[in-house]
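Chemist: Mind looking at a prediction? Sequence and model below.
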Amino acid sequence: MKKFRKRILAIALLSILMITAMPLQAFAASGSLSANKTTVAPGEQVTVTVTYTGSRLFSVRGEMKSSNANVLSPGSTIVLMEASDSQMVDGASSLSRTVTFTANAEGTATLSFEPLEPILDVDGNSQGSSATNTVTITVKKPEPAPAPAPAPAPEPSPSPQPSPQPSPQPAPEPEPEPEPEP
C-alpha cells in the first residue's frame, strides 16, 4: 500500500510540474484612437479612427464618447468592429472603424472609446477589454486674415526725360575791333 501511495503521489507531482511548465498563451488586444485633425472651426467635421490589434481578433463592441456634446456631436455612439468573411477562420490582426464628429461651438472635447463587452477572438475567447487612449479636439474660430498692406505709390517720373548733357550756352559776342587810324 505504501508503494501505491508513493506512485500516485509521484504521478500527481509530475502532472502538476508538466502543466505548470507548459507555456500559457496569453492574448491581449490593445486599442488606439486617432483623429485626422485636432483643431477645427465650428461647422467642420473631424474623423476619428479606433483600432484594436491582437491575435485572431473576431469582434470589438464599444462606445465612442465625447466629453462635451455641446462642442462635438454626437455625444456618444456605439461602434461594432467584426472580422470580415474572409477572416472568420483565422481572425484578424487588426480591427478598426471611423466615426465622424461635427464641431458645434468653440471649446475642447476629449474623445474616448470604451469596450462594452470583452474583446473576442475567433474561438470566442476573451482578449481583454482594455480602453483606448484619448484624443482631445479643440474647436476655435479661425484667425481673420490680415488686411493686405497698400501698395506703395509710384514715384512720379519727369516728363520729358532730362538729357544727361548740359544745355548749349550761347557763344559770347566777339569784341569789336578798333578802327584803324588814317
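Modeler: Cool, got the structure. Numbers count the residues shown, from 1 in each chain.

Chemist: Okay, now the sheet partners of the longest strand along the chain, with direction.
Modeler: Ranked by number of residues, the top strand in the chain under DSSP state E is strand 45-66. According to DSSP bridges, strand 45-66 forms sheet pairs with strand 30-35 (antiparallel), strand 76-82 (antiparallel), strand 92-103 (antiparallel), strand 107-115 (antiparallel), strand 120-121 (antiparallel).

Chemist: Any idea which of the ones you listed gets closest to S66?
Modeler: strand 107-115 (4.8 Å; CB to CB). Bear in mind the C-beta positions are built from the backbone N, C-alpha and C, glycine included.

Chemist: what's next to that closest one, contact-wise?
Modeler: By CB atoms under 8 Å, 6 or more residues apart in numbering, the list of residues contacting strand 107-115 from outside reads 31, 33, 35, 48, 50, 60-72, 79, 101, 129-132, 134-139.

Chemist: what is the rounded mean pLDDT of it?
Modeler: Mean per-residue pLDDT for strand 107-115: 93.

Chemist: and if you look at stretch 120-131?
Modeler: Rounded mean pLDDT across stretch 120-131 is 84.

Chemist: List the buried residues of that stretch.
Modeler: 120-122, 127, 129 (16 or more other CB atoms under 10 Å).

Chemist: contact partners of it?
Modeler: 27-31, 54-59, 83, 87-91, 112-115, 117-119.

Chemist: Now the buried members of these.
Modeler: Buried residues within these, counting neighbours by 16+ other CB under 10 Å: 29, 31, 54-59, 83, 87, 91, 112-113, 115, 119.

Chemist: of all the residues you listed, which comes closest to R97?
Modeler: Distances from R97 to those, taken by CB to CB, are shortest for F113, at 9.4 Å.

Chemist: So A103 is in contact with Q45, correct?
Modeler: Yes: between A103 and Q45 there is a contact at 7.3 Å, judged by CB atoms under 8 Å.

Chemist: Which one of the two is surrounded by more residues?
Modeler: Neighbour count, other CB atoms under 10 Å: between A103 and Q45, A103 has more, with 22 against 12.

Chemist: wait, what's in contact with that one?
Modeler: With CB under 8 Å, 6+ apart, A103 has these contacts: 40-46, 71-72, 137, 139.

Chemist: Quick check, pLDDT for it.
Modeler: Looking at A103, its pLDDT is 94.

Chemist: for V139, which residues make a bridge with it?
Modeler: Counting by DSSP bridges, V139 forms beta bridges with V40, G107.

Chemist: And it, how close does it get to G107?
Modeler: With the distance defined as CB to CB, to the nearest Å, V139 ends up 6 Å from G107.

Chemist: Kindly report the same for T53.
Modeler: 32 Å.
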